[in-house]
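S.K.: pasting the sequence and the predicted coordinates here, then a few questions.
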Amino acid sequence: MKQGNKNSEKVDKTEVITMQATKTYYKVIVLRIDAFESEIVDERHFPNVMEAMSFCDNINNTSDYTTFTVRM
């Protein structure tokens, strides 16, 4: 009889996959700023800076909200 770990004949194969994101997108956060607290009203992702800035311009021209654009 063979001595040792009962599971020694079983082989556990684990693959490690490393992925790196190379796509850049732009996140626009729309805030309502108040004297006592602030609130995130909307948060959207855009594929390029032109679409993100166009959205910001539209929000800034039609409301009292503040927008922030972040490159991700």
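M.R.: Received the coordinates, thanks.
S.K.: leaving aside the residues next to it on the chain, what's closest to Leu31?
M.R.: Leaving out its chain neighbours, the residue that sits closest to Leu31 by CB to CB, 6 or more residues apart in numbering is Thr66, at 4.8 Å. Placement of C-beta: from N, CA and C, glycine included.
S.K.: helices along the protein, start to end?
M.R.: Assigned helices in the chain, in chain order: 49-62 (criterion: DSSP state H).
S.K.: still on that earlier bit, can you count the residues close to the residue nearest to Leu31?
M.R.: 15 (other CB atoms under 10 Å).
S.K.: surely it touches Glu39?
M.R.: No. Counting by CB atoms under 8 Å, Thr66 does not reach Glu39; the two are 10.9 Å apart.
S.K.: local confidence estimate at the residue nearest to Leu31?
M.R.: On pLDDT, Thr66 comes in at 89.
S.K.: what's the answer for the one 5 residues further on, then?
M.R.: Per-residue confidence at Arg71 stands at 87 (pLDDT).
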